[in-house]
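In: just a sequence and a predicted model for now, questions to come.
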Amino acid sequence: MTEPKQASTMAAQGLAGVEQADFFDGSPVAMFVIDSDHIVTHFNKACENLLGVTAANMIGERKLGQVFYGHDRPVMADLIVDQTSCEEWASLYADRPHRSQLIADAYETEGFFPNLGDDGRWLFFTATPLRNADGSIAGAVETLQDITDRKRAEEALRKYQNALEELIEKRTIELAQANRTLLKDVVRREAAEAALMSRNTELNELNAKLSMAQEHLVQSEKLASIGQLAAGVAHEINNPVGYIFSNFGTLEKYLADLFRMLGAYEKVENRHSDAQTLSELVTLRKEIELDFLKEDIPTLMRESKEGIVRVRKIVQDLKDFSHVDTNPDWQFANLNQGIDSTLNVINNELKYKADVVKEYGDIPEVQCMPSQINQVVMNLMTNAAHAIGPERGKITVRTGVEEDRVWFEVADSGSGIQKDVLPRIFDPFYTTKPIGKGTGLGLSLSYGIIQKHHGRVGVQTELGKGTTFRVTLPIRQPATPAANGANPT
């Protein structure tokens, strides 16, 4: 075996004179050198300071393992000198050494050494082979860098990063929980909003129905007031008409007696002996045109009587139409008679617009509120008259019976109803008439009355040819109205 001093001499020659200067000892990088026999030949000041041992205690010795690990074991420089394969290094280093990218044939790694310093130290070390002129390994040099501060900073950063990741994960879980809670709140709110919208829609519908009912009530009250007024006027007119009619019969009788008496006077007139008196009578006869009066007075009486009868009929029809003087509750009524009464009342509305044609069927009496059915007939008839253009048209009123129901139709030769308008004709306040010409309540009220009577209404229309409304009513209401006038159920 080569002596230590001789080995030192050989290693010194392998350094090619580097140790002749103070470069090695003065280098700030901690380093040491071993020879081929693993004996420390060089140990600089920086290495003394880093490892806490003196060069005098290390040079010529083979106890690097004691310094680094506290027991004998090879350091990386030893493994390079022994040319140990890298695969065998894995059992000695947690961080397996790898070739340096900066120095040829050099290997580097890092590790923690608990025996160094008070709390241990992290070192980054690089081992490089030293070769003879023939290329054989003469030894190895190993440099050491204290990376404790960096590793501790990295460890602190890692802990901070882990803590941050844990915090992020925690916050993510909390956010996920909050998001789920928020989604549940959103779902509940949407459900509440949907329920609110549904309730709002129901309230709007109820409000619309209430408004419609209110309008119907107002209109019904107006119609009732008008009916009462019409009945009152009819009653007041009926009394003097009754007097006139009664007195007119008496007058006819008196005139007949006077004409009979006048005839008797005429028979004895030519036999009067006084020529002057006879001349005066003849002159008076010619002056008052007695012969014309005898012919015209009966004609005047007949025409006047017809006029009085007409007035009396109109008054009676007005009373029948209003039905204020009769039982206002449900009752059996003659539909044909009610239509006639209504036509007489609105005759002035129709006679200048159209010819009214009646095609009545043989129908039974219908259980209804006659004044309301008359109102429906009046609305349909006046609408038919308004639908007829400037030329005179025709309105046909028909009645008939089908099993347990009766029907009546009002057909006009007017302009017809457009398809886009047809679905809205029963809507309250909807009208195609100019502003101020219609309220839009006629058909709406009629529809409500028909529904109240458990009936139905149908419409057939053709543009330019006219419209037909058919109303169908049950002969008897589904439940017999109570004697106190309650509505049928």
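Out: Sure, I can see it.
In: so in this structure, which helix runs the longest?
Out: With secondary structure taken from DSSP state H, the chain has its longest helix at helix 148-269.
In: distance between the helix or strand hosting Leu380 and the chain's centre?
Out: Using DSSP states H and E, Leu380 maps to helix 370-387. How far helix 370-387 lies from its chain's middle: 39 Å, per CA atoms, centre = their mean, to the nearest Å.
In: equivalent analysis for stretch 82-98, please.
Out: Its chain's C-alpha centre and that of stretch 82-98 lie 76 Å apart, by CA atoms, centre = their mean.
In: can you give me the strands in the chain?
Out: 30-35, 40-43, 98-99, 107-113, 121-131, 137-146, 331-333, 354-359, 366-368, 393-402, 405-412, 456-462, 466-474 (DSSP state E).
In: if you count contacts, what does the longest one end up packed against?
Out: Pointing back at strand 121-131 there. Packing contacts for strand 121-131, counted by 3 or more CB pairs under 8 Å, 6 or more residues apart in numbering; DSSP states H and E, involve helix 4-14, helix 76-81, strand 107-113, strand 137-146, helix 148-269. C-betas here are computed from N, CA, C, even on glycine.
In: let's see 10 Å
Out: When contacts are defined as 3 or more CB pairs under 10 Å, 6 or more residues apart in numbering; DSSP states H and E, strand 121-131 packs onto helix 4-14, strand 30-35, helix 45-51, helix 76-81, strand 107-113, strand 137-146, helix 148-269.
In: repeat for the last one
Out: Counting contacts by 3+ CB pairs under 10 Å, 6+ apart, the secondary-structure elements packed against strand 466-474 are strand 366-368, helix 370-387, strand 393-402, strand 405-412, helix 442-452, strand 456-462.
In: look up how far Asn44 lies from the closest residue to Arg62 other than its chain neighbours.
Out: Nearest residue to Arg62 in three dimensions, chain neighbours excluded: His38, at 5.1 Å (CB to CB, 6 or more residues apart in numbering). His38 sits 18 Å away from Asn44 when distances are taken as CB to CB, to the nearest Å.
In: of the two, which one has the most company?
Out: It is Asn44, of His38 and Asn44, that has more neighbours when counted by other CB atoms under 10 Å, with 22 against 19.
In: pretty sure the more buried one is in contact with Met31, am I right?
Out: Yes. Look at Asn44 against Met31 with CB atoms under 10 Å: they come within range, at 5.7 Å.
In: give the residues shared as contacts by these two.
Out: With contacts defined as CB atoms under 10 Å, 6 or more residues apart in numbering, the residues shared by Asn44 and Met31 are 24-25, 50, 143.
In: tell me which two in these are the farthest apart.
Out: For these, the farthest-apart pair by CB to CB is Phe24 and Leu50; their separation is 14.8 Å.
In: tell me, what residue is most central in this protein?
Out: Among the residues of the chain, the one closest to the centroid is Met197, at 7.3 Å (CA atoms, centre = their mean).
In: if we can go back for a sec, kindly reformat the helices and strands packed on strand 466-474 as a markdown table containing distance to Leu183.
Out: Conversion of these to a markdown table gives the following (distance: least, CB to CB, whole Å):
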| stretch | distance to Leu183 |
| --- | --- |
| strand 366-368 | 60 |
| helix 370-387 | 57 |
| strand 393-402 | 61 |
| strand 405-412 | 59 |
| helix 442-452 | 48 |
| strand 456-462 | 51 |
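In: coming back round to it: of the helices and strands packed on strand 121-131, which is nearest His454?
Out: Comparing the helices and strands packed on strand 121-131 by CB to CB, helix 148-269 comes nearest, at 17.1 Å.
In: what is the mean pLDDT for the closest one?
Out: Computed over helix 148-269, the mean pLDDT rounds to 77.
In: how far off centre is stretch 266-285?
Out: 102 Å.
In: for it, list the C-alpha coordinates in PDB.
Out: Taking Å, rounded to 0.1, in the frame of the first residue of the first chain, the C-alpha atoms of stretch 266-285 are listed here in PDB:
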ATOM      1  CA  GLU A 266    -182.900  65.700 -43.700                       C
ATOM      2  CA  LYS A 267    -186.000  63.700 -44.500                       C
ATOM      3  CA  VAL A 268    -188.300  66.500 -43.300                       C
ATOM      4  CA  GLU A 269    -186.100  69.300 -44.500                       C
ATOM      5  CA  ASN A 270    -187.800  69.500 -48.000                       C
ATOM      6  CA  ARG A 271    -191.200  69.600 -46.400                       C
ATOM      7  CA  HIS A 272    -190.500  72.700 -44.400                       C
ATOM      8  CA  SER A 273    -193.100  75.400 -45.300                       C
ATOM      9  CA  ASP A 274    -190.900  78.500 -44.700                       C
ATOM     10  CA  ALA A 275    -189.000  79.200 -47.900                       C
ATOM     11  CA  GLN A 276    -186.500  81.500 -46.100                       C
ATOM     12  CA  THR A 277    -185.700  78.900 -43.500                       C
ATOM     13  CA  LEU A 278    -185.300  76.300 -46.200                       C
ATOM     14  CA  SER A 279    -182.900  78.500 -48.100                       C
ATOM     15  CA  GLU A 280    -180.800  79.100 -45.000                       C
ATOM     16  CA  LEU A 281    -180.600  75.400 -44.300                       C
ATOM     17  CA  VAL A 282    -179.500  74.700 -47.900                       C
ATOM     18  CA  THR A 283    -176.900  77.500 -47.700                       C
ATOM     19  CA  LEU A 284    -175.500  76.200 -44.400                       C
ATOM     20  CA  ARG A 285    -175.400  72.600 -45.700                       C
END
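In: need the residues that contact that stretch.
Out: Outside stretch 266-285, the residues that touch it by CB under 10 Å, 6+ apart are 265, 290-291, 293-294.
In: rewinding a little: could you single out the most deeply buried of the helices and strands packed on strand 121-131?
Out: The highest mean neighbour count among the helices and strands packed on strand 121-131, using mean count of other CB atoms under 10 Å, belongs to strand 30-35: a mean of 24.
In: quick one on the thing from earlier: want to throw the shared contacts of Asn44 and Met31 into JSON lines with pLDDT?
Out: Output for these, formatted as JSON lines (pLDDT from 0 to 100):
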{"residue": "Phe24", "pLDDT": "80"}
{"residue": "Asp25", "pLDDT": "81"}
{"residue": "Leu50", "pLDDT": "88"}
{"residue": "Thr143", "pLDDT": "90"}
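In: pretty sure Lys419 is touching Ile425, no?
Out: No. If you go by CB under 10 Å, Lys419 and Ile425 don't touch, sitting 11.4 Å apart.
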